[in-house]
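Enquirer: got a structure for you, letters missing:
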């Protein structure tokens, strides 16, 4: 319990309403435009950025990397501020990461996600991070990326770029209405939606094969089922994995709840720790996902898995 500050000199309080505000909640500093990776694209070099929220406390803190959704075509990492701010207020360092999207192809986004984790470990002392307590969080396509980063922690094939002496493994994964299997994103929807996901122009097909251009013919996702499986979280369920929190809306019309159910069943069938929450009436990234009750559940789960700062 904090002690009220000393009273001001006599006369200073005349006409004022004197209030007492505890000072037990630490301030949070924001670091924008932090370059965590530089990737070559032909003769050009692209810088990839983080937005960091860092509680101003002395003890080493757990960290959560947030990957934004965007249908594999955008990675606007300034979104979902409500969730990021709540995590920071609870004592987590929060790093929102942009990553490469279409027209870049797999495994580019996974390489970027793992590079972001390695950057935090390499700079743990700079931001007061405990490198042994790092989690990932994402929504939609960002949920897919959080799943892939969490499930491939022991697979060096996806580690590219800087800080390769650091581990890209994480200790907790939360995925919101994410994608677990690129081969059946339309599962559970009607025939019209199924035809969309069978198209070579759908974004998951572009992620795998790129557009038809030059020597590349492009193609639908199932042009190469083995490649699609390798690019899907459900293709990486073997071996020890971090605990998972899986959330999906029952009324999602863009990414079927089947995606989250099959991830949950796959993890549990492999003997892994997983919790699955179906949010009644919630759609894809709509109002319920920004409410304090839901955000509080995610924050509390990370607190149980990673501890607090």
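Expert: Perfect, I can see it now. Predicted, not measured: the structure shown is a model, and the values here were computed from it. Residues are numbered from 1 along each chain as shown.

Enquirer: you'd agree residue 50 is in a helix?
Expert: No. Looking at residue 50 with DSSP: H, G, I helix; E, B strand; the rest coil, it is strand, so not inside a helix.

Enquirer: what's the nearest residue to it if we skip its chain neighbours?
Expert: Ranked by CB to CB, 6 or more residues apart in numbering and with sequence neighbours excluded, the top spatial neighbour of residue 50 is residue 34, at 4.3 Å. All C-beta atoms are positioned from the backbone trio N, CA, C, and that covers glycine.

Enquirer: show me the strands in the chain, by range?
Expert: 28-41, 44-55, 61-67, 93-97, 129-139, 172-176, 244-249, 274-279 (DSSP state E).

Enquirer: burial count for the nearest residue to residue 183 once chain neighbours are set aside?
Expert: Nearest non-adjacent residue to residue 183, counting by CB to CB, 6+ apart: residue 228, 5.0 Å away. Residue 228 has 23 neighbouring residues, counting by other CB atoms under 10 Å.

Enquirer: residue 228 against residue 222, yeah?
Expert: Yes. Residue 228 lies in contact with residue 222 (CB atoms under 8 Å); the separation is 6.6 Å.

Enquirer: spit out the residues that contact these two alike.
Expert: Jointly contacting residue 228 and residue 222 under the rule CB atoms under 8 Å, 6 or more residues apart in numbering are residue 183.

Enquirer: you'd agree residue 294 is up against residue 286?
Expert: No. Between residue 294 and residue 286 there is no contact under CB under 8 Å: 11.4 Å.

Enquirer: more neighbours: the two, which one.
Expert: Comparing residue 294 with residue 286 by other CB under 10 Å, the one with more neighbours is residue 294, at 19 against 14.

Enquirer: I figured residue 285 hits residue 177, correct?
Expert: Yes. If you go by CB under 8 Å, residue 285 and residue 177 touch, sitting 7.0 Å apart.

Enquirer: so residue 137 makes contact with residue 63?
Expert: No. Look at residue 137 against residue 63 with CB under 8 Å: they stay out of range, at 10.7 Å.

Enquirer: what about the two, which has more around it?
Expert: Counted by other CB under 10 Å, residue 137 and residue 63 do not tie: residue 63 has more neighbours, with 29 against 26.

Enquirer: give me the spatial nearest neighbour of that one, chain neighbours excluded.
Expert: Excluding the flanking residues, the one nearest residue 63 by CB to CB, 6+ apart is residue 93, at 4.1 Å.

Enquirer: measure the one you found to residue 244 for me?
Expert: 21 Å (CB to CB, to the nearest Å).

Enquirer: beta partners for the closest residue to residue 145 other than its chain neighbours?
Expert: Using CB to CB, 6+ apart and skipping residues adjacent in sequence, the residue nearest residue 145 is residue 67, 4.4 Å away. Residue 67 forms beta bridges with residue 138, as assigned by DSSP bridges.

Enquirer: grab the nearest non-local neighbour of residue 74.
Expert: Using CB to CB, 6+ apart and skipping residues adjacent in sequence, the residue nearest residue 74 is residue 101, 5.9 Å away.

Enquirer: wait, the residue nearest to residue 50 touches residue 48, no?
Expert: No. Counting by CB under 8 Å, residue 48 is not a contact partner of residue 34; they are 9.7 Å apart.
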